[in-house]
Each structure stands twice: as structure tokens, then as C-alpha cells.
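Chemist: Quick one, structure for this:
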Amino acid sequence: MQDAPEIDAAETRALRRALEIAADPAVPLGPNPRVGCVLLAPDGIVLAEGRHRGAGTAHAEADALARARERSDIGAALASATAVVTLEPCDHTGRTGPCTKALIEAGIARVVIARRDPNPVAAGGIDRLRAAGIEVVTAVPAELAEAAAALNRGWEHGLASSRPLVTAKTALTLDGRAAAADGTSRWITGPAAREEVHRLRSTCDAILVGTGTARIDRPTLTARRPDGTLHPRQPLRAVMGTSAAPELPEIDGAGAALRLPTRDPSAALATLFDRGIRHVLLEGGPALAAAFLRAGLVDELIVHLAPTLLGAGRSGIADLGITTLAQRLDLELSDVSPLPSPGGATDLRLTLRPRTLTA
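Modeler: Next up, the predicted model:
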């Protein structure tokens, strides 16, 4: 059975909603994918919604089916419904049963899937559903397919690499300075860039800094709104290094900070991966960023570039061990976006991906 050429308007709305509920800040991040599901009646009316809430809880499809069955007005509509899901229904038994079995037994007639499951253990749902006579559609608008991919990029990276996705973030002047000659660094960039950093923190599993940053800056490493209140989802706060450093301040709702007594980026990532961390945000200063770059362990570099010059001061990246131009670390620029602040200068956000160091 082949894909239908396109999904209809009701299914498109349902997929947008499924992506929205899957990304709910109340849903924990970690070693499990975030998934949303919306069940539609044949006339496009929403019957129920469901989401996965973490390891051991019902998967999105099972959650939606359970909520639908709680409604006395649905009746036979469920037996001819469409399930719109952000990720291919699983076809294996773990802590919960296969979602494919639940959909088949419910009599679902059509399933719209935004993203195939890259996990070989759980994959196969599409074939199982089609074998049961269910119409399966995987051709969705590119914008929604991209959103489904972005939703679980840390989880997918962990499947492929057995380590967390690493995003390094830095704020720089036009001449590459992260601090002035006297050490002052607040604030190089404007309010819009700082607000974006806090949103980024809320989407990551952990924030990692080095002992130097912990000692000098005494950062809270929380994800905060502009009014100072905490975002609903807070990352694990972690400090790596063997030098002495003070404990990060206790913050209600943020949890205790994790100390990683190593200078080895691979060892630090292995420990975090074992704890269920799948996306790490590096905010640890020039030395930590350089250590991860030298190890080839930065997957994404976000630079907030301020339209200002210092002429002297601390470099944004420490020594990479590069002595000649032929050894340079080239970066692939994937996005440039302005970050205007009301009444202030406009910073730029550069999103880059490192290429391999040239021998």
C-alpha cells in the first residue's frame, strides 16, 4: 500500500497540534523520544490527544486511545479514526506493549506519521500497520517533517553516536573577544540574545561548564524568563574539571549540580549519557570549548556576535593546537539570524557545524 499524495487540512492541523503537545515543557527530556498523537474522526473532529511522558509511561498512541475510550460520546468513531503521530509507532515490547498492536486492535483505519523511527529495536511499525490493512501516510509537509526531526535530535544523535549531542554557545565581539582586558564580560550581547540563551537552556538536558567558569562567574545555570522566573523545564547543571571550584548556588526547582572530576570531554559525556542526558549545552568558557573542539566533540556551535570591538581581552576560544593555516578548523554556516534588542544594538546569531581538522 503506497502513501497518499498529501495529508488533508484536518490532518495538517492535527500534526501541528501533535508536535506542540510533544514539545510541552512539562514533559521531561532524556533517553526517551518526545512523541505526540492526535486521533481524528472521519469528519476531521478531534477525538483525543496523547503524549509520551517519560520512561515507563504510556506511549503517545496508547495515551490517546485511553483518553478516547474515557469519552462516552465517541462510540464507533474510534474504529474508523485516523491517528496522527510525530514518530513511527513502535513495534516492540519494552516497559509497555507495542503501539502498533494497540492501534490495530482499536480498529484505526489510517495513520499519518511525521518521522520514521531510527531506533532499530523499535522500528518496523509502518510495515506492521500496512500488513494489517491500515493506510499509512509518511508524506507530510516539509516544515512539519523538519519540526518532527528537530523535536528529538538529541535522542536520535544518541542512538547513532552513543553520546549526547553537544551544542557549544559563546558570545563574542566582532574581534573575537569574550571578555575585556580587565576580565569584565557582562554584557557583551543584548537582552534579546540573553533571552534566547535561556530558551536554549530550557530545551537541553544539561548545561556544562568548567571549574574556571564556576569559580570566576559563579553562574546559576538556570533557564529563566525575562521576568526572572524559572522556565518549567530546567536542565541538569554540571561542572567538569579537576581544579577546585565552589558549589553552584542552590536554586529551588533547578536541582543540585553534578560534579564531573575529569578534564576528558569523552569521559564527561560518557557519564552524562549514562545518566540519560542526550543534549548538552556547553557554556564553560574558552578553555572548555577548545577542549571539546580539539576532541571533535562539538556538533553545533552557536555564536552570538555583538557589533562591538574591544581590541584586547580574553579570546572566545582557547588554543586549539593549530599552528598553520592548513590545520584550520573550518565551520559550516547553517544559519544567520538577527537578534534585535529594543532600543539597543542588533546582535547576530550564527549557527555553525565544525568540519574535520585538516591534517
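Chemist: Which elements pack onto the least confident helix or strand in the chain by mean pLDDT?
Modeler: When the helices and strands of the chain are scored by mean pLDDT, DSSP states H and E, helix 211-217 comes last with a mean of 82. Taking 3 or more Cβ pairs under 8 Å, 6 or more residues apart in numbering; DSSP states H and E as contact, the helices and strands that helix 211-217 lies on are strand 236-240, helix 285-294. C-beta: built from backbone N, CA, C; applies to glycine.
Chemist: which stretches of the stretch 51-200 of the chain form strands?
Modeler: Assignment of strands within the stretch 51-200 of the chain using DSSP state E, counting those that start in this stretch yields the ranges 82-85, 110-113, 135-137, 165-172.
Chemist: Could you tell me which ranges of the stretch 51-200 of the chain sit under the pLDDT cut-off?
Modeler: 72-76 (pLDDT under 70).
Chemist: give the contact list for residue 243.
Modeler: Taking Cβ atoms under 8 Å, 6 or more residues apart in numbering as the definition of contact, the neighbours of residue 243 are 211, 212, 215.
Chemist: Quick check, pLDDT for it.
Modeler: According to the predicted model, the pLDDT of residue 243 comes to 85.
Chemist: for it, helix, strand, or coil?
Modeler: Three-state secondary structure (criterion: DSSP: H, G, I helix; E, B strand; the rest coil) places residue 243 in coil.
Chemist: Pipe the strands of the stretch 51-200 of the chain into a markdown table and attach mean neighbour count per row.
Modeler: Output for the strands of the stretch 51-200 of the chain, formatted as a markdown table (neighbours: other Cβ atoms under 10 Å):
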| stretch | mean neighbour count |
| --- | --- |
| strand 82-85 | 29 |
| strand 110-113 | 24 |
| strand 135-137 | 20 |
| strand 165-172 | 22 |
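Chemist: Can you check which of those gets nearest to residue 311?
Modeler: Taking Cβ to Cβ as the criterion, strand 165-172 is the member of the strands of the stretch 51-200 of the chain that comes nearest to residue 311, at 13.5 Å.
Chemist: Strand partners (parallel or antiparallel) of the closest one?
Modeler: Based on DSSP bridges, the strands next to strand 165-172 in the sheet, each with its direction, are strand 279-282 (parallel), strand 300-305 (parallel).
Chemist: Contacts for it, please.
Modeler: Contacts for strand 165-172 (Cβ under 8 Å, 6+ apart): 153-154, 157-158, 178, 185, 188-189, 193, 197, 200, 204, 269, 278-283, 286, 289, 292-293, 297-306, 316-317.
Chemist: hmm, back to that, could I get the strands paired with strand 165-172 in TSV, plus columns for mean neighbour count and distance to residue 32?
Modeler: Written out in TSV, the entries for these read as follows (neighbours: other Cβ atoms under 10 Å; distance: least, Cβ to Cβ, whole Å):
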stretch	mean neighbour count	distance to residue 32
strand 279-282	27	13
strand 300-305	21	22
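Chemist: In JSON lines: the strands of the stretch 51-200 of the chain, plus distance to residue 44.
Modeler: Putting the strands of the stretch 51-200 of the chain into JSON lines (distance: least, Cβ to Cβ, whole Å) gives the following:
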{"stretch": "strand 82-85", "distance to residue 44": "9"}
{"stretch": "strand 110-113", "distance to residue 44": "12"}
{"stretch": "strand 135-137", "distance to residue 44": "15"}
{"stretch": "strand 165-172", "distance to residue 44": "37"}
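Chemist: No further queries at this time; thank you.
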